[in-house]
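Chemist: Sequence first, then the predicted structure:
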Amino acid sequence: MKIRNDYHIHTHNSCDEACLKFETLVQNAYRFGLNDFGVSDHVHSSLQEKDIAASRKEYDEILAKYPQLKGKFHFGVEASVMSEWEAKKLRENPMLKNCTYGLREGGPQNAKPTIVVDEEFIEKYKIEYVISGVHWPLYSREDELSMVKEYHRLYLYAASHPSTDILAHYLWWNPIKGMANAFKNKRLISNEMRNEIKCALLENNVAFEVNLCAVLLSKDYKDNKAWLDWYLGWVHDIQNAGVKLSLGSDCHDKYLNPQWYKEAEELFEHYKIDSEKFFTL
(Lines give C-alpha, C1' and ligand atoms only; values in the text may rest on other atoms or scores of the structure.)
Protein backbone atom coordinates (compact mmCIF):
# COMPACT_ATOMS: atom_id res chain seq x y z
CA MET A 1 0.00 0.00 0.00
CA LYS A 2 1.30 3.43 -0.93
CA ILE A 3 0.17 6.64 0.77
CA ARG A 4 -1.01 9.13 -1.85
CA ASN A 5 -2.97 11.66 0.23
CA ASP A 6 -2.22 14.14 2.99
CA TYR A 7 -4.82 16.73 3.94
CA HIS A 8 -3.33 18.03 7.20
CA ILE A 9 -0.38 20.27 6.36
CA HIS A 10 0.42 23.63 7.96
CA THR A 11 2.25 26.50 6.30
CA HIS A 12 4.25 29.43 7.64
CA ASN A 13 0.97 31.39 7.73
CA SER A 14 -0.34 29.26 10.59
CA CYS A 15 -0.53 30.97 13.98
CA ASP A 16 1.84 28.52 15.68
CA GLU A 17 5.39 27.31 15.00
CA ALA A 18 4.63 25.98 11.50
CA CYS A 19 7.15 27.15 8.92
CA LEU A 20 6.57 25.30 5.63
CA LYS A 21 6.60 27.49 2.51
CA PHE A 22 4.07 26.87 -0.25
CA GLU A 23 6.71 26.33 -2.91
CA THR A 24 8.48 23.75 -0.74
CA LEU A 25 5.18 22.04 0.05
CA VAL A 26 4.23 21.40 -3.57
CA GLN A 27 7.77 20.37 -4.53
CA ASN A 28 7.89 17.90 -1.61
CA ALA A 29 4.46 16.50 -2.46
CA TYR A 30 5.49 15.89 -6.07
CA ARG A 31 8.78 14.27 -5.05
CA PHE A 32 7.15 11.97 -2.48
CA GLY A 33 4.37 10.79 -4.76
CA LEU A 34 1.41 12.56 -3.15
CA ASN A 35 -1.24 13.04 -5.79
CA ASP A 36 -3.97 14.60 -3.62
CA PHE A 37 -3.07 16.88 -0.72
CA GLY A 38 -4.09 20.07 1.02
CA VAL A 39 -3.05 22.95 3.21
CA SER A 40 -4.94 23.37 6.50
CA ASP A 41 -3.80 26.28 8.65
CA HIS A 42 -5.25 26.90 12.10
CA VAL A 43 -8.44 28.80 12.91
CA HIS A 44 -9.03 29.01 16.64
CA SER A 45 -11.03 32.24 16.75
CA SER A 46 -11.73 35.35 14.69
CA LEU A 47 -8.14 36.44 15.39
CA GLN A 48 -6.83 33.94 12.80
CA GLU A 49 -8.86 35.28 9.88
CA LYS A 50 -5.87 37.33 8.72
CA ASP A 51 -3.75 34.15 8.66
CA ILE A 52 -6.28 32.35 6.46
CA ALA A 53 -6.50 35.36 4.14
CA ALA A 54 -2.70 35.27 3.73
CA SER A 55 -2.74 31.52 3.16
CA ARG A 56 -5.51 31.77 0.57
CA LYS A 57 -3.57 34.46 -1.32
CA GLU A 58 -0.45 32.29 -1.50
CA TYR A 59 -2.50 29.24 -2.44
CA ASP A 60 -4.03 31.11 -5.39
CA GLU A 61 -0.59 32.31 -6.46
CA ILE A 62 0.88 28.80 -6.42
CA LEU A 63 -2.04 27.43 -8.45
CA ALA A 64 -1.54 30.20 -10.99
CA LYS A 65 2.14 29.22 -11.21
CA TYR A 66 1.42 25.48 -11.40
CA PRO A 67 -2.01 25.07 -13.06
CA GLN A 68 -1.42 21.32 -13.30
CA LEU A 69 -2.04 21.19 -9.52
CA LYS A 70 -5.69 22.17 -9.92
CA GLY A 71 -7.84 19.38 -8.53
CA LYS A 72 -4.84 17.83 -6.76
CA PHE A 73 -3.85 20.57 -4.30
CA HIS A 74 -6.66 21.73 -2.03
CA PHE A 75 -7.38 24.57 0.37
CA GLY A 76 -8.68 23.66 3.81
CA VAL A 77 -8.46 24.84 7.41
CA GLU A 78 -8.06 23.23 10.81
CA ALA A 79 -10.70 24.59 13.18
CA SER A 80 -10.59 24.35 16.96
CA VAL A 81 -13.48 23.71 19.30
CA MET A 82 -13.69 26.88 21.40
CA SER A 83 -16.28 28.04 23.92
CA GLU A 84 -19.02 30.46 22.90
CA TRP A 85 -17.98 32.54 25.91
CA GLU A 86 -14.42 33.11 24.66
CA ALA A 87 -15.38 33.40 20.98
CA LYS A 88 -17.75 36.24 21.85
CA LYS A 89 -15.16 38.03 23.99
CA LEU A 90 -12.54 37.81 21.23
CA ARG A 91 -14.94 39.10 18.57
CA GLU A 92 -15.87 42.05 20.75
CA ASN A 93 -12.32 42.86 21.84
CA PRO A 94 -9.79 41.65 19.21
CA MET A 95 -7.00 43.63 20.90
CA LEU A 96 -6.87 41.32 23.92
CA LYS A 97 -3.25 40.27 24.44
CA ASN A 98 -1.82 36.74 24.32
CA CYS A 99 -5.01 35.25 22.92
CA THR A 100 -3.69 33.34 19.93
CA TYR A 101 -5.06 30.19 21.55
CA GLY A 102 -8.16 31.86 22.93
CA LEU A 103 -8.97 32.42 26.60
CA ARG A 104 -7.77 29.32 28.34
CA GLU A 105 -8.88 30.35 31.82
CA GLY A 106 -11.87 31.98 33.45
CA GLY A 107 -14.66 30.40 31.46
CA PRO A 108 -17.63 28.47 32.83
CA GLN A 109 -17.40 24.73 33.42
CA ASN A 110 -19.36 22.74 30.84
CA ALA A 111 -19.08 25.79 28.58
CA LYS A 112 -21.16 25.62 25.42
CA PRO A 113 -18.75 24.82 22.56
CA THR A 114 -18.54 26.42 19.15
CA ILE A 115 -16.50 26.31 15.96
CA VAL A 116 -16.04 29.74 14.37
CA VAL A 117 -15.63 28.35 10.84
CA ASP A 118 -19.18 28.74 9.53
CA GLU A 119 -20.77 28.80 6.06
CA GLU A 120 -19.93 32.46 5.56
CA PHE A 121 -16.25 31.90 6.41
CA ILE A 122 -16.09 28.83 4.17
CA GLU A 123 -17.58 30.71 1.23
CA LYS A 124 -15.43 33.82 1.76
CA TYR A 125 -12.15 31.89 1.58
CA LYS A 126 -13.35 29.16 -0.80
CA ILE A 127 -12.51 26.46 1.73
CA GLU A 128 -12.78 22.95 0.31
CA TYR A 129 -12.69 21.03 3.58
CA VAL A 130 -12.63 21.63 7.32
CA ILE A 131 -10.63 19.54 9.78
CA SER A 132 -12.08 20.09 13.26
CA GLY A 133 -9.99 19.31 16.30
CA VAL A 134 -9.98 19.46 20.08
CA HIS A 135 -6.84 21.26 21.21
CA TRP A 136 -7.65 21.85 24.89
CA PRO A 137 -10.42 21.23 27.42
CA LEU A 138 -12.87 24.02 28.18
CA TYR A 139 -12.30 24.94 31.84
CA SER A 140 -12.90 21.43 33.18
CA ARG A 141 -11.62 20.08 36.48
CA GLU A 142 -7.99 19.11 36.16
CA ASP A 143 -8.02 15.46 37.20
CA GLU A 144 -7.45 12.78 34.56
CA LEU A 145 -10.98 11.42 34.36
CA SER A 146 -12.58 14.86 34.18
CA MET A 147 -10.19 15.86 31.41
CA VAL A 148 -10.88 12.72 29.39
CA LYS A 149 -14.65 13.18 29.73
CA GLU A 150 -14.35 16.83 28.66
CA TYR A 151 -12.27 15.95 25.61
CA HIS A 152 -14.84 13.29 24.72
CA ARG A 153 -17.70 15.81 24.96
CA LEU A 154 -15.83 18.13 22.60
CA TYR A 155 -14.87 15.36 20.17
CA LEU A 156 -18.55 14.48 19.82
CA TYR A 157 -19.36 18.14 19.22
CA ALA A 158 -16.66 18.42 16.54
CA ALA A 159 -17.77 15.21 14.82
CA SER A 160 -21.37 16.47 14.73
CA HIS A 161 -20.69 20.05 13.62
CA PRO A 162 -22.09 20.89 10.15
CA SER A 163 -18.78 22.45 9.03
CA THR A 164 -16.68 19.39 9.88
CA ASP A 165 -15.42 17.10 7.12
CA ILE A 166 -12.61 15.43 9.08
CA LEU A 167 -12.20 14.84 12.83
CA ALA A 168 -8.60 15.74 13.73
CA HIS A 169 -6.04 13.81 15.81
CA TYR A 170 -8.29 11.80 18.11
CA LEU A 171 -6.48 11.23 21.44
CA TRP A 172 -3.73 13.78 20.87
CA TRP A 173 -2.84 15.21 24.26
CA ASN A 174 -2.06 18.90 24.64
CA PRO A 175 0.29 19.37 27.62
CA ILE A 176 -1.03 22.89 28.13
CA LYS A 177 -2.09 22.03 31.70
CA GLY A 178 1.28 20.51 32.52
CA MET A 179 -0.34 17.13 33.14
CA ALA A 180 0.93 13.77 31.95
CA ASN A 181 -0.91 12.33 28.96
CA ALA A 182 -4.15 10.93 30.35
CA PHE A 183 -4.94 9.21 27.04
CA LYS A 184 -2.05 6.79 27.59
CA ASN A 185 -4.26 5.23 30.27
CA LYS A 186 -6.52 3.20 28.00
CA ARG A 187 -8.80 2.28 30.90
CA LEU A 188 -10.08 5.87 31.06
CA ILE A 189 -11.43 5.65 27.50
CA SER A 190 -14.38 3.31 27.64
CA ASN A 191 -15.77 1.18 24.84
CA GLU A 192 -18.93 3.27 25.14
CA MET A 193 -16.94 6.45 24.42
CA ARG A 194 -15.30 4.93 21.37
CA ASN A 195 -18.64 3.61 20.12
CA GLU A 196 -20.17 7.08 20.47
CA ILE A 197 -17.33 8.53 18.39
CA LYS A 198 -17.82 5.87 15.72
CA CYS A 199 -21.58 6.49 15.59
CA ALA A 200 -21.14 10.29 15.38
CA LEU A 201 -18.72 9.89 12.46
CA LEU A 202 -21.07 7.56 10.62
CA GLU A 203 -24.20 9.62 11.28
CA ASN A 204 -22.57 12.85 10.10
CA ASN A 205 -20.50 11.40 7.25
CA VAL A 206 -17.30 12.74 8.84
CA ALA A 207 -13.91 11.17 8.19
CA PHE A 208 -11.67 10.03 11.03
CA GLU A 209 -8.13 11.36 10.76
CA VAL A 210 -5.24 8.97 11.15
CA ASN A 211 -2.74 11.58 12.32
CA LEU A 212 0.97 10.89 11.99
CA CYS A 213 3.02 13.55 13.80
CA ALA A 214 0.60 14.29 16.64
CA VAL A 215 -0.47 10.71 17.37
CA LEU A 216 1.00 7.63 15.68
CA LEU A 217 4.59 8.84 15.40
CA SER A 218 4.59 11.05 18.48
CA LYS A 219 6.92 10.41 21.42
CA ASP A 220 3.90 9.51 23.55
CA TYR A 221 2.74 6.61 21.39
CA LYS A 222 5.28 5.56 18.77
CA ASP A 223 7.10 2.96 20.87
CA ASN A 224 4.10 1.89 22.95
CA LYS A 225 3.10 -1.32 21.20
CA ALA A 226 0.25 -2.11 23.58
CA TRP A 227 -1.28 1.31 22.97
CA LEU A 228 -0.84 1.06 19.19
CA ASP A 229 -2.43 -2.40 19.21
CA TRP A 230 -5.42 -0.99 21.07
CA TYR A 231 -5.71 2.19 18.98
CA LEU A 232 -4.99 0.90 15.49
CA GLY A 233 -6.98 -2.25 16.15
CA TRP A 234 -9.97 0.04 16.77
CA VAL A 235 -9.15 2.13 13.66
CA HIS A 236 -9.19 -1.09 11.63
CA ASP A 237 -12.57 -2.01 13.12
CA ILE A 238 -14.22 1.36 12.44
CA GLN A 239 -12.95 1.35 8.86
CA ASN A 240 -14.60 -2.05 8.42
CA ALA A 241 -17.77 -0.60 9.96
CA GLY A 242 -17.90 2.06 7.24
CA VAL A 243 -16.09 5.04 8.78
CA LYS A 244 -13.98 6.90 6.24
CA LEU A 245 -10.35 7.39 7.24
CA SER A 246 -8.26 10.43 6.29
CA LEU A 247 -4.46 10.65 6.32
CA GLY A 248 -2.92 13.72 7.95
CA SER A 249 0.79 14.23 8.59
CA ASP A 250 0.02 17.36 10.66
CA CYS A 251 3.28 18.80 9.37
CA HIS A 252 4.57 21.90 11.19
CA ASP A 253 8.14 21.58 9.91
CA LYS A 254 10.08 23.24 7.08
CA TYR A 255 9.67 20.14 4.94
CA LEU A 256 7.39 17.17 4.51
CA ASN A 257 9.26 14.06 5.60
CA PRO A 258 9.03 10.90 3.46
CA GLN A 259 9.91 8.81 6.53
CA TRP A 260 6.54 9.70 8.06
CA TYR A 261 4.71 8.11 5.14
CA LYS A 262 7.00 5.09 5.06
CA GLU A 263 6.43 4.35 8.77
CA ALA A 264 2.69 4.88 8.36
CA GLU A 265 2.57 2.48 5.43
CA GLU A 266 4.25 -0.18 7.57
CA LEU A 267 1.75 0.36 10.40
CA PHE A 268 -1.22 0.18 8.04
CA GLU A 269 0.11 -3.01 6.52
CA HIS A 270 0.60 -4.58 9.95
CA TYR A 271 -2.84 -3.61 11.28
CA LYS A 272 -4.63 -4.34 7.98
CA ILE A 273 -5.82 -0.78 7.48
CA ASP A 274 -6.62 -0.17 3.80
CA SER A 275 -5.10 3.15 2.71
CA GLU A 276 -6.55 2.64 -0.76
CA LYS A 277 -9.96 3.43 0.73
CA PHE A 278 -8.89 6.61 2.52
CA PHE A 279 -10.95 9.78 2.17
CA THR A 280 -10.18 11.86 -0.93
CA LEU A 281 -11.58 15.14 -2.20
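Modeler: Done, it's in. Numbering: from 1, shown residues only.

Chemist: Run through the stretch 1-150 of the chain and note the low-pLDDT ranges.
Modeler: Regions of the stretch 1-150 of the chain meeting the criterion pLDDT under 70 cover residues 1.

Chemist: Can you show me the helices along it?
Modeler: Assigned by DSSP state H, counting those that start in this stretch, the helices in the stretch 1-150 of the chain fall at 22-32, 49-65, 84-92, 119-124, 144-160.

Chemist: From residue 133, how far out is the residue of the chain most remote from its centre?
Modeler: What lies farthest from the middle of the chain is residue 65; by Cα atoms, centre = their mean that is 28.1 Å. Applying Cβ to Cβ, to the nearest Å, the value for residue 65 to residue 133 is 30 Å. The way it works is simple: take the backbone N, C-alpha and C, and place the C-beta from them, glycine included.

Chemist: rewinding a little: show me the one of the helices of the stretch 1-150 of the chain that comes nearest residue 258.
Modeler: Evaluated over those, closeness to residue 258 peaks at helix 22-32, with 4.9 Å, by Cβ to Cβ.

Chemist: for residue 199, what are its contacts?
Modeler: Shown in contact with residue 199 (Cβ atoms under 8 Å, 6 or more residues apart in numbering): no residues.

Chemist: That one is in what secondary structure piece?
Modeler: helix 191-204 (DSSP states H and E).

Chemist: pLDDT averaged over that helix, what's the number?
Modeler: Computed over helix 191-204, the mean pLDDT rounds to 98.

Chemist: State the next helix or strand along the chain beyond that helix.
Modeler: Next along from helix 191-204, by DSSP H and E: strand 207-211.

Chemist: Can you get me the centre-to-centre distance for that next one and its chain?
Modeler: Relative to its chain's centre, strand 207-211 lies at 8 Å (Cα atoms, centre = their mean, to the nearest Å).

Chemist: What of stretch 184-194?
Modeler: 20 Å.

Chemist: Can you give me the neighbour number for residue 68?
Modeler: Applying other Cβ atoms under 10 Å, we find 9 residues neighbouring residue 68.

Chemist: Could you do residue 217 as well?
Modeler: Using other Cβ under 10 Å, residue 217 has 18 neighbouring residues.

Chemist: Could you pull up the residues touching it?
Modeler: 260, 263-264.

Chemist: sorry, back to before: can you say which of the helices of the stretch 1-150 of the chain is packed in most?
Modeler: Among those, ranked by average contacts under mean count of other Cβ atoms under 10 Å, first place goes to helix 144-160 (a mean of 20).

Chemist: which one of the contacts of residue 217 sits closest to residue 214?
Modeler: Closest to residue 214 out of those is residue 260 (11.3 Å), distances taken as Cβ to Cβ.

Chemist: Tell me how far the closest one lies from residue 43.
Modeler: Taken as Cβ to Cβ, the span from residue 260 to residue 43 is 24 Å.

Chemist: out of the two, which sits in the more crowded spot?
Modeler: residue 43 (27 against 21).

Chemist: Can you name the residues bridging to that one?
Modeler: Beta-bridge partners recorded for residue 43 (DSSP bridges): residue 79.

Chemist: Touching, it and residue 79? I think so.
Modeler: Yes. If you go by Cβ atoms under 8 Å, residue 43 and residue 79 touch, sitting 5.0 Å apart.
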